[in-house]
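**Q** need a structure here:
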Amino acid sequence: MSKEKLEYPHISLPVPQMKPVYDVVVIGSGYGGAIAASRMSRAGKRVALLERGKEKWPGEYPSKLRECLKEVQFSSPKRQMGNKTGMFRFHDGSSQDALVACGLGGTSLINANVALEADDRVWDMSVWPDEIKNDRESIKRGYDRAREMLEPSEYPSHYPELPKLKTLEEQAKLLGEEYHKNFYRVPITVTFEDRINAAGVQQYASTLTGNDCTGVNDGSKNSTLMNYIPDAWNHGCEIFCECDVLRIKKCEKTGRYIIFYEWLDDNRTNFAKESRNAPFFVIAEVIFLAAGTLGTNEILLRSSAYGLKVSDRLGKGFSGNGDILGFGYNLDHFVNGIGSGNIDPANMKAPVGPCITGVIDMRRDAENVLQGYVIEEGVVPPAMGKSFQVVLKSGSTAIGSKPDITYSESASRKWRQVKSAFGGYYTGATSHTQTYLVMSHDDNTGQLELVNDRLKIDNKGVGASDTVKKLNKVLEEATLKAKGTYIPSPLWTKPLGRGLVTVHPIGGCNMGKDGKFGVINHKGQVFIGNSKDVHEGLYVCDGAIIPTALGVNPFFTICALAERICEYAAKDRDWSINYGLIGRKIDYNRPLVSYEQNEPDLIKRPRNHELEGGISFTEVMKGYFSTEILSTDYVTAELQAKSADSTMQFLLTVIAYNADTLVDMDDHSAIIIGTISCRALSPDPLLVTRGKFRLFIPETDKVDSNRMMYNLNLKATDGTKYRFKGYKLVKNGKMREAWKQTTNLYVTVYLRGDDEEEDLDEVNVTQEDEEEDLRKIVGRGILQMSPFEFMKQLTTFKATGSNDLSKIKAMITFDDFFVSTMLKHVFVRFLPLEYPDQKPVPKAFHHKCRPNKSVWEITAEDGVKSLLFRYQGGRKGPILLVHGAAMSHEMWSTNLIKKSFLDYLLEHRYDVFLVDYRLSPTNPACKNQATLDDIRLDHAAAVKKVREVTGVETIGVIAHCVGSITTFMGLLDGKIEGVGCLIGSQVAMHPILGFWNNVKMHLKLLPFWKHVLRQTEFDVRTSSNTNILNKVVDQLLRFYPVPKSQTCRSALCHRASLCYGTLYQHENLNQKIHDNQHTFFGTINLTTMQHLHVAARKKLILNYQGQNTYATKENVRNRLNFPICLIHGEENVVFDIMSTKKTYDTLRTINGEHNYVHHEIDKYGHLDCWWGTNASKDVFTKALSHLEETQHLWGYNAGQPKKDYRDSSSSDD
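**A** Next up is the predicted model:
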């Protein structure tokens, strides 16, 4: 992928999805705002970040003049020009102009990246509160935390030489030793290698274009958009762009803050006045105001005008940070100081480099801190190249200071001017021009105020100070000694009032000891009036708080103070900020923390929609509703409500304006009108102000399941608003089960805020709320329909249309869809069988890229070959995964589930090996007869090879089913050596069959299949054109006894149930893996099954001759005295739960309890423990816990101190 066309996903949300209330609202996304958003999100708070500009990522920034002009906005007390969301915001002030950025990332998008700390003497100045002066350690912590996230570094010495950097160094030499000794390469927040940064964001090495001031498109600039902001998003922060915050109001009744903002949507620009006069608002417990120095002052000034009590010092003490701009035109040295834009760097004479890479730092040698300053080189944006060339040419004549040079030197200068005139700004005199950027100390006497509701900057006389004159003289000397013409900033002329332009506006909301001396205290809290009292939840944390010019680029100090403010804000509230780095690449599809979206998108019905070919019906349901039980245990909620006689009932009419829409696979939607009666919510009926019904939505995460959804907005007579969500889950089962499923509605009611929208356009109606915010839930319950009420409901069905034909068509369409869907769930055994060859090729789930796969062929002691695979995900483990009978290693690595166990282990940085031993359908030996004794030899060879490849003494093994049995056999007789950790799945030393498997064993079905039908194997795979014997078997298996609600139409599933028993709870699987098991299932030889029956009869692992050569007390004591975890599905019907419990008891009895763990997985069967939709949460975590808790005893980490894995591992999902 070209770095100029990088693809970064946008992470902001549409403004209409903003919730009405948050714990924390952050205003602004520059350094202070981004830090506050990240830290408060990491403190576990629900955070919203509001940004005035748009979200633009590398690859989207303007570089050409016409692109940049579209992004320019101009503000003055008289007018606002340009797009309010434009990236470049110019403020026209009195003697002081300012340029800031507008966009997600704030001014960090266009700054020069210089990360220098303030001079130590700055913190001793009297302008700071004592708490700052006496607490340098907290400032240091702030710098360190910012450094960790922003990762500044110097321009690498091994990178190409930069002419502008070399020129600055030469100028330092020309100025004298006192300057040259203070020259160095400055730390900058630019990436110089392809890497994943501290926030987990992919960044790329700088292409040295110098486009910093208009946004760097190569992904190398460490703006807050590349670290703090995605980190905030990754920890649950919701980001909203195009929100122009106008003012803040404190609600005295609730103590919360109301933030009024204008939504700068393009479609609202024609109504700008109305939009501004009727702003949106959002409520927060805590606000971090960080809209940039100018934005923050403007918001507080306007808030003050509207009644917010603040200090009289607001707007005073403003500074331009002593910024001075100048140019050394037509030097003897080649500078190359204009950004290369979209030009291929290979076509440039030399790379431009980042905007600033060097500094002449004159702060340390200054006798007085106020005399300190820095000189840095800069880069002119390529979009300004032509205009810059004109300014230089005219400026050199009008206001330039020319050098004293010889005739030949003059000729060379003129020739360079000619070359520039004809060859462009990358040649001649323009390419020999150095841009100077100076940061110094001004007097901090500027003032910000509102005029005509717009911000006015007043900093009269700032450019006429002796400091500015002196520093221009220094720049002039540096230029003249390099045989160039010095041109000061065009604004710094007498006709223009000796004005200055700053890119570092600071102050106006200065820190102070109380409201008489500042606007905020040392913690960033806004003073109430001129007292020491503060608005506890209103913070300022950007450049506006700095009470003095810093004499250096200020962003790093802003970061340090913002980090300190966040630290104190959390400490004062007993919040804990997690400062740990995530340690892996960010997953933009799945943030580490995400909060429920209460109002996802639905499509509104057009007004006056004609009821043509529609259908409607009325429904009554009654039941019980609990306000005490808020978990998803609906049955318990119903029981509690019954005990309290807390009832609920509704009378609803469902209207589908088009029957085709109702039955369409992509919609299934209709509107709902009616009332709900529930004394627990209101003494009067609750009106459905808007409702939506969806019929038979396919459940992709559950096999053969559909859902009916009811989503309603309710309003009580006292104005209280609620949201009602109900669903009916329809799955395969008997008629009485279908009746219960279609007449039982599982209900959740939420309290809705007064400020929420009245519609359902943003309500999630496609999935059950399993991880809801319990604070918003009012209660849960179950509503039912009696047979009598159902019969009445049938009489209410009505078709609508302009003629009988359309009515009949609508009724037939609905009836056909409803009846056919229900028949598929009720009469499953009588419907045509489904074969794998009739299914389309499944679309795999997208997984993270895996490490390259290594493959070895290994040979067992008896000469049978197997394949061993490796995915080296890290330096944990190594782990060997052993599959079950007649399966391949794909059982662990399938991409037909959202997260396979292989990917889960790789995500947690394990070195994973998988084996396809002789029972795998991919192994030619699967056709041969093999005992369990033989199979253990494959495992021994695999373990031996893993140890050989990794060089470790002991490894971890996770073995499933027959793989677990044979692993235990090999361990017990010593064939397998070097296992230091074991997880056995579903069975271990005691193969105790489930009920129906035990019945089949005693019915002698295996001998019948072998001796009567003369078969040597059984293949669970089948197809629609199989032989007659298998066709008969397939048809007979329709009636195989399966657990409740586990019927399906899959012929392969039936055959697997015959051979092994029902392998899973269908509701735990997604449809993809259920329909495509043939991709990793295969044949099983009958000798293996015979041996398994030999052991199952004695309920103990035995050799093929029926002798107990394995599970002797001595073998258990000597060879199983290491960490072993046993996992068993509660609903497993293949092996009874006692098969692992008995092994667990045996191990503990012989060796003591300390090494052994047993997990019974609720509501899981056999294979769904590894394939289940939620297995990564319910099962994988238990396996991981065992591996992590014992990793200091085996593998790569053997002998190392035991660590708490929760502090070092990545999250489960």
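**Q** Quickly find the element holding the residue sitting nearest the centre point of the chain.
**A** Nearest to the mean C-alpha position of the chain, by Cα atoms, centre = their mean, lies Pro591 at 2.3 Å. Taking DSSP states H and E as the definition, Pro591 sits outside all helices and strands.
**Q** Point out where the stretch 451-600 of the chain drops to low pLDDT.
**A** For the stretch 451-600 of the chain, applying pLDDT under 70 flags the ranges 494-497, 596-600.
**Q** got the residue ranges for the strands in it?
**A** 454-458, 485-488, 500-502, 506-508, 525-527, 534-540 (DSSP state E, counting those that start in this stretch).
**Q** pretty sure the residue nearest to the centre of the chain is in contact with Gly236, am I right?
**A** Yes: counting by Cβ atoms under 8 Å, Gly236 is a contact partner of Pro591 at 6.8 Å. Where you see a C-beta, it was placed from the backbone N, CA and C, and this is true even at glycine.
**Q** count of neighbours near the closest residue to Tyr579 other than its chain neighbours?
**A** With sequence-adjacent residues excluded and distances taken as Cβ to Cβ, 6 or more residues apart in numbering, Tyr579 is closest to Arg145, at 6.7 Å. Arg145 has 21 neighbours, counted by other Cβ atoms under 10 Å.
**Q** Then Arg145 would be within a strand, right?
**A** No: if the criterion is DSSP: H, G, I helix; E, B strand; the rest coil, then Arg145 is helix and not within a strand.
**Q** related to what we said a few turns ago, of the strands of the stretch 451-600 of the chain, flag the one that's most buried.
**A** Burial of these is given as mean neighbour count (mean count of other Cβ atoms under 10 Å); strand 506-508 ranks first at a mean of 30.
**Q** Describe which strands it pairs with in its sheet and in which direction.
**A** Strand pairing for strand 506-508, determined by DSSP bridges: strand 316-319 (antiparallel).
**Q** Looking at the strand it pairs with now, give me its mean pLDDT.
**A** The average pLDDT for strand 316-319 rounds to 96.
**Q** Which helix or strand lies directly C-terminal to it?
**A** Sequence-wise, the next helix or strand downstream of strand 316-319 (DSSP H and E) is strand 324-329.
**Q** Which strands or helices does that following strand pack on?
**A** Strand 324-329 is packed against helix 385-398, strand 434-439, helix 466-480, strand 485-488, strand 500-502, with contacts defined by 3 or more Cβ pairs under 8 Å, 6 or more residues apart in numbering; DSSP states H and E.
**Q** Other residues contacting the longest one?
**A** Spelled out, it's helix 466-480. For helix 466-480, the external contacting residues (Cβ atoms under 8 Å, 6 or more residues apart in numbering) are 171-172, 174-175, 322, 324, 326, 328-329, 331, 371, 373, 375, 401, 403-404, 434, 436, 438, 440-442, 462, 485-486, 488, 492, 498, 500.
**Q** Any of those buried? List them.
**A** For the contacts of helix 466-480, a burial check counting by 16 or more other Cβ atoms under 10 Å picks out 171-172, 174-175, 322, 324, 326, 328-329, 331, 373, 375, 401, 403, 434, 436, 438, 440-442, 462, 485-486, 488, 492, 498, 500.
**Q** would you list the helices and strands packed on strand 324-329 in TSV and tack on distance to Trp57?
**A** Output for the helices and strands packed on strand 324-329, formatted as TSV (distance: least, Cβ to Cβ, whole Å):
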stretch	distance to Trp57
helix 385-398	25
strand 434-439	26
helix 466-480	36
strand 485-488	36
strand 500-502	27
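**Q** Quick one: closest of those to Leu1013.
**A** Between Leu1013 and the helices and strands packed on strand 324-329, the tightest spacing by Cβ to Cβ is seen for helix 385-398, at 85.6 Å.
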